[in-house]
Every structure is written in structure tokens, then in C-alpha cells.
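K.L.:
only geometry, no sequence info:
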């Protein structure tokens, strides 16, 4: 997993490509879900690159407690992350 808040998009693409090639070659599997183990931040670029890389799902854990509390209160812990420039 790359540093999701500070990596240059070229580095993210390179790491995704290398990781996907290894998984396909050794496990014959193409991942469609992403798990952000414990990032200190989330860039707008990360989910956009994951989407164009074929990912369908993304699980994030580190969310400010007030945001998590509000999402839980409104039953919206599962949501569709949309970019300002995307669909």
C-alpha cells in the first residue's frame, strides 16, 4: 500500500501495476476491493486511480470520530465516494 496522502500519482500507478502483475502471475487473481489499512490521510487522487484501475470497493478505517458518528447516526457508513470532476 502506498502512502495515500502524499504519493505522486505516478508512484501510485507504478505500485498498483506492479502489485496487480504479481497477484495475477502468482495467484491468478485480479483484485476488485481495496482496504486502506491505516493511512494518515486520503488524497482525492487515490480513489480516482483505484476506480480507473478496476476497483469496485474501498474500505477506509481512519475517519475522524465526529464524521464516523454522524455517518452511523444517519445509517450512511456505506457510501459512494464521488470525485468533484467524476461521475
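P.N.:
That came in fine, so what should we check first? If you're wondering where the values come from, they're calculated on a predicted model, not measured in any experiment. Numbers count the residues shown, from 1 in each chain.

K.L.:
ranges for the strands of this protein?
P.N.:
For the chain, applying DSSP state E gives strands covering 33-36, 57-60.

K.L.:
can you put the ones you listed in a markdown table and add mean pLDDT, distance to residue 25 and mean neighbour count?
P.N.:
Bear in mind the C-beta positions are built from the backbone N, C-alpha and C, glycine included. Shown next, in a markdown table, are the strands of the chain (pLDDT from 0 to 100; distance: least, C-beta to C-beta, whole Å; neighbours: other C-beta atoms under 10 Å):
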| stretch | mean pLDDT | distance to residue 25 | mean neighbour count |
| --- | --- | --- | --- |
| strand 33-36 | 86 | 19 | 14 |
| strand 57-60 | 83 | 23 | 13 |
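
K.L.:
can I get these in a markdown table including distance to residue 76?
P.N.:
Below are the strands of the chain laid out as a markdown table (distance: least, C-beta to C-beta, whole Å):
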| stretch | distance to residue 76 |
| --- | --- |
| strand 33-36 | 18 |
| strand 57-60 | 14 |
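
K.L.:
residue 14 is nearest to which of these?
P.N.:
Nearest to residue 14, of all the strands of the chain, is strand 33-36, at 16.2 Å by C-beta to C-beta.

K.L.:
who does the closest one pair up with?
P.N.:
Applying DSSP bridges, strand 33-36 is found paired with strand 57-60 (parallel).
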